[in-house]
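S.K.: Predicted model and sequence below, questions to follow.
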Amino acid sequence: MLVEIILFLLTIFLGLYFYITKHFGYFKANGFPEAPGTFPFGSEHMWDLMMRKSSFLSQFDDLVKKFPDEKCFGIYNFRVRDIVVKDLELAKMILIKEADHFIDRPAINLDGSKIESDKIVNYFLTQLKGEQWKKVRTVVSPVFTSGKLKMMVPHVQKCAENLDDVFAAAAASGEILEAKDVFGKYTLDAIATSGFGIESNSFKEPNSVFRQTALRMVRAEGYGSKLDLVKFFVLIVSPKLAKLLGITMMPSGTVEFFAKIIKQTVEQRRETGKRRNDIIDLLLDEIKKIEDEDDTTETGVKKEDIDMELALISNALIFFFAGFDTSSLTLATVIFSFMDKPDIQEKARQEIEEVIGDSDTITADHLRDLKYLENVINEALRFYGIVNNVQRICTKDYKIPDTDFSITKGMIVNVLPACFANECFFNPDELDPDNFDSNNNPNKFGFTGFGQGPRNCIGMRYAYIALKLALVRTLTKFRVVKCEETVDKLQFDLSKNYFKGGVMFRVEQLDRED
């Protein structure tokens, strides 16, 4: 019996070994530089990542140093063959000039799932591919124009004003605050009102069902499961097995909870004709344009091309899902930047005073004119590398210029902007908002905080509105300072989807003379 068990286990091991190592050496055999793969994890960066020697954000840092003269090279993620791009001009070709060869983004395959939440998630813009993505993006894009987003500023400003009471109380008591926690409550309220038409105050009601469900959905620290990484691994490596096991992309009940709210809101708007000029109203406007057309819209989208109800629910929800956690994470990096370099904080405060002054109402024009503050946001995203890898899937074979190697359909391409930062910014190794000052001729292609090319972040303009309003309320009356719990350096922890030790800070009330 023991012999049979050993033979059975040996057979499974050998099968797994050959399955994973089948493509190892592919790049070398085709005359292309590669980081060799070894069983079971693949190339060196994957070993470092799996052994927790590096984080998700730093996984390529050591590897790229071993290819100092190469514009690109091949890697192995387990058995999967990927390309890493270090060269500015090749990156432009892939993300912009030849984007039709790389139109899709990596996504978890949920096709054919009968689970309601998976059907909704599979219609997210981030999930859609090819022509279907183009059609839905065409419908959603008009919602996020500068003109229409202006109408949301009053909604978001009302949420930002709640920060005044929080910071005033903390300044008086000396309380230590955690940046993502504080600004997460703000960003949740801002998106709830501008996206869902829900007025909430997460500072006064931190345990509301809405907030608790939101935290579960984004798997915030303390709300996720230790098995989440395992589940994601199964979803990515074997979608069929995930379906068989009933593994879903989102935590149970979270998508359904928000979908129900959206459906109820849509019904109410259609019945009463009431408008708030929020995301739901603007999506309804665009869908009505298509439904009212006999054949096609002026954009060429036919009404039968898209499941209208699903498109509305999914893209109201992706606005929430993509914006809530990422915005609070971005604000945390900016707060750390203010503490690390107080002169940046003072310069940003001075600009706010010059642009807005004593005005009680902050307008979209005010926010647009806060150029230095925008540079601070961009620089915090760039320097701390929150988005340091732009990924695309090759959708049709592409021959790399000046080589004999072709990226084949299905390969994932990783564009690493940090590798060509020296060509894009005048002071790339330092945290310096002047890297984005027009007088220093920045090449903004080196900045990927909101992606690049046709599949860049559709909610970028909204993000700047929400981020700037929060920072205006913070800096107008308060100074952000370090405390005894402030870490010396930001280090990302994938298991927490946040920085080790958080971003702890205190606030001081400014004197009128300040």
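M.R.: Now that the structure is in, tell me what you want to look at.
S.K.: for the protein, which helix is longest?
M.R.: helix 308-340 (DSSP state H).
S.K.: Can you give the distance from it to the centre of its chain?
M.R.: 7 Å (CA atoms, centre = their mean, to the nearest Å).
S.K.: Report the angle between the next helix or strand after it and helix 308-340.
M.R.: Following helix 308-340 in sequence order, the next helix or strand is helix 342-355 (DSSP states H and E). Interaxial angle of helix 342-355 relative to helix 308-340 (axes from the mean of the first three to the mean of the last three CA atoms, to 10 degrees): 120 degrees.
S.K.: So which bits of the next helix or strand after helix 342-355 are buried?
M.R.: Downstream of helix 342-355, the next assigned helix or strand under DSSP H and E is helix 364-368. Across helix 364-368, burial judged by 16 or more other CB atoms under 10 Å covers 364, 366-368. The way it works is simple: take the backbone N, C-alpha and C, and place the C-beta from them, glycine included.
S.K.: again with stretch 287-294
M.R.: 287, 289-290.
S.K.: got it, and stretch 6-25?
M.R.: 20-21, 23-24.
S.K.: Looking at the buried residues of helix 364-368, which is nearest Gly147?
M.R.: Ala364 (9.1 Å; CB to CB).
S.K.: Spit out the contact partners of that closest one.
M.R.: Residues in contact with Ala364 (CB atoms under 8 Å, 6 or more residues apart in numbering) are 146, 149-150, 153, 465.
S.K.: again, only this time at 6 Å
M.R.: Shown in contact with Ala364 (CB atoms under 6 Å, 6 or more residues apart in numbering): 150, 153.
S.K.: From Asn388, how far off is it?
M.R.: 30 Å (CB to CB, to the nearest Å).
S.K.: Repeat that for His101.
M.R.: The value you get for His101 to Asn388, if CB to CB is used, is 23 Å.
S.K.: okay, those two: which has more neighbours?
M.R.: Asn388 (22 against 19; other CB atoms under 10 Å).
S.K.: The more buried one and Ala29: what is the separation?
M.R.: For Asn388, the distance to Ala29 - CB to CB - is 30 Å.
S.K.: show me where pLDDT drops low in the chain?
M.R.: Where the chain drops to pLDDT under 70, the residues are 237, 293-305, 512-514.
S.K.: Now do the longest helix of the chain: which elements does it pack against?
M.R.: Packing partners of helix 308-340 (3 or more CB pairs under 6 Å, 6 or more residues apart in numbering; DSSP states H and E): helix 179-191, helix 254-272, helix 279-292, helix 371-383, strand 478-481.
S.K.: Would you mind pulling up the elements that the last one packs against?
M.R.: In this case it means strand 478-481. Using 3+ CB pairs under 6 Å, 6+ apart, strand 478-481 is in contact with helix 308-340, strand 504-509.
S.K.: So for Thr254, which of these sits nearest?
M.R.: Closest among the helices and strands packed on strand 478-481, using CB to CB: helix 308-340, at 9.3 Å.
S.K.: The closest one: which residues count as buried?
M.R.: Result for helix 308-340 [16+ other CB under 10 Å]: buried residues 308, 311-340.
S.K.: what does stretch 273-287 give?
M.R.: 276-284, 286-287.
S.K.: Kindly report the same for stretch 346-357.
M.R.: 347-349, 351-352, 355-356.
S.K.: which of the helices and strands packed on helix 308-340 sits most buried?
M.R.: helix 179-191 (a mean of 25; mean count of other CB atoms under 10 Å).
S.K.: ok, residues contacting that helix?
M.R.: Contacts for helix 179-191 (CB under 6 Å, 6+ apart): 156, 159, 200, 202-203, 211, 214, 320, 323-324, 327-328, 331-332, 335, 466, 470, 503.
S.K.: let's see 8 Å
M.R.: So helix 179-191 is contacted by 155-156, 159-160, 162-163, 166, 200-203, 206, 210-211, 214, 220, 319-320, 323-325, 327-329, 331-332, 335-336, 466, 469-470, 498, 502-505 (CB under 8 Å, 6+ apart).
S.K.: again with stretch 439-456
M.R.: So stretch 439-456 is contacted by 88, 91-92, 95-96, 99, 103, 105, 133, 330, 377-378, 381-382, 386-390, 392, 415, 417, 420-421, 423-426, 428, 434-436, 457, 460, 463 (CB under 8 Å, 6+ apart).
S.K.: in the stretch 51-200 of the chain, which spans are helices?
M.R.: 61-64, 88-92, 116-121, 130-140, 146-149, 153-160, 162-173, 179-191 (DSSP state H, counting those that start in this stretch).
S.K.: Now tabulate those in TSV and tack on distance to Lys263.
M.R.: Shown next, in TSV, are the helices of the stretch 51-200 of the chain (distance: least, CB to CB, whole Å):
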stretch	distance to Lys263
helix 61-64	45
helix 88-92	41
helix 116-121	11
helix 130-140	18
helix 146-149	23
helix 153-160	21
helix 162-173	28
helix 179-191	18
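S.K.: Relative to Asp360, which of the ones you listed is closest?
M.R.: That would be, of the helices of the stretch 51-200 of the chain and by CB to CB, helix 153-160, which comes in at 10.1 Å.
S.K.: what about Val413, helix or strand, and which?
M.R.: strand 412-415.
S.K.: If you count contacts, what does that strand end up packed against?
M.R.: The contact analysis (3 or more CB pairs under 8 Å, 6 or more residues apart in numbering; DSSP states H and E) places strand 412-415 against strand 80-85, strand 390-393.
S.K.: Could you give me the PyMOL selection string for whichever of the contacts of stretch 439-456 are buried?
M.R.: Selecting only the buried entries of those in PyMOL, with 16+ other CB under 10 Å as the criterion:
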select buried, resi 88+91+92+95+99+103+105+133+330+377+378+381+382+386+387+388+389+390+392+415+417+420+421+424+425+428+434+435+436+457+463
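S.K.: ok now do Trp47, which residues does it touch?
M.R.: Contacts of Trp47 by CB under 8 Å, 6+ apart are 38, 41, 53.
S.K.: out of the residues you listed, who has the most neighbours?
M.R.: Ranking those using other CB under 10 Å puts Phe41 first, with 18 neighbours.
S.K.: From Arg52, how far off is that one?
M.R.: Phe41 is 12 Å from Arg52, by CB to CB.
S.K.: Over to Pro142?
M.R.: The value you get for Pro142 to Arg52, if CB to CB is used, is 44 Å.
S.K.: TSV for the buried residues of stretch 287-294, including distance to Gln127?
M.R.: Below are these laid out as TSV (distance: CB to CB, whole Å):
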residue	distance to Gln127
Ile287	19
Lys289	24
Ile290	21
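S.K.: how about the helices and strands packed on helix 308-340, which one is nearest Gly224?
M.R.: Across the helices and strands packed on helix 308-340, closest to Gly224 is helix 254-272 (CB to CB), at 11.5 Å.
S.K.: Figure out how far the closest one is from the centre of its chain.
M.R.: 25 Å.
S.K.: Residues in contact with that helix: which ones?
M.R.: Outside helix 254-272, the residues touching it (CB under 8 Å, 6+ apart) are 116-117, 120-121, 196-198, 209, 213-214, 216-217, 274-275, 280-281, 284, 312-313, 316-317, 320.
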